[in-house]
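[1] Could you look at this predicted model? Sequence included:
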Amino acid sequence: MLDPTLLLDLVKMQMPYGKYKGSLICSLPESYLLWYKDKGFPKGKLGNLMATMFEIRVNGLEFLLTPLKNQR
């Protein structure tokens, strides 16, 4: 079952470490998400968010986040 807050978290939560520390999960570059996909996404909520953002990005569904970004 999809967590209804998942999309909101993508536009609110920041990357807690690494090269893109402080960047919103929704702003992470596709290349970074692909690197993590190949390496293995982190466990827990962060990994779920990153995997979801990867799927959104590769399927061209970023428009789903636009209204949520405007609410921030």
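    Alright, I've got the coordinates.

[2] from what I can see Ile56 touches Leu65, true?
    Yes. Assessed by CB atoms under 8 Å, Ile56 is found in contact with Leu65 at 7.1 Å. Backbone N, C-alpha and C define where each C-beta goes, glycine included.

[3] joint contacts of those two?
    Common neighbours of Ile56 and Leu65, counting by CB atoms under 8 Å, 6 or more residues apart in numbering, are Leu10.

[4] got the phi/psi numbers for the closest residue to Leu7 other than its chain neighbours?
    Nearest residue to Leu7 in three dimensions, chain neighbours excluded: Leu68, at 5.8 Å (CB to CB, 6 or more residues apart in numbering). For Leu68, the backbone dihedrals (degrees, to the nearest 10) come out as phi -70, psi -40.

[5] count of neighbours near Leu68?
    The tally of other residues near Leu68 (other CB atoms under 10 Å) stands at 15.

[6] Could you do Tyr36 as well?
    For Tyr36, using other CB under 10 Å, the count is 19.

[7] give me every residue that touches it.
    42, 50, 54.

[8] List the ones among those residues that fall in helices.
    Under the assignment DSSP state H, the contacts of Tyr36 contribute 50, 54 to helices.

[9] Could you pick out the buried ones from the contacts of Tyr36?
    42, 50, 54 (16 or more other CB atoms under 10 Å).

[10] Out of those, flag the one nearest to Gln14.
    Met50 (12.2 Å; CB to CB).

[11] can you tell me which residues contact the closest one?
    By CB under 8 Å, 6+ apart, the contact list for Met50 reads 25, 28, 33, 36, 41-42.
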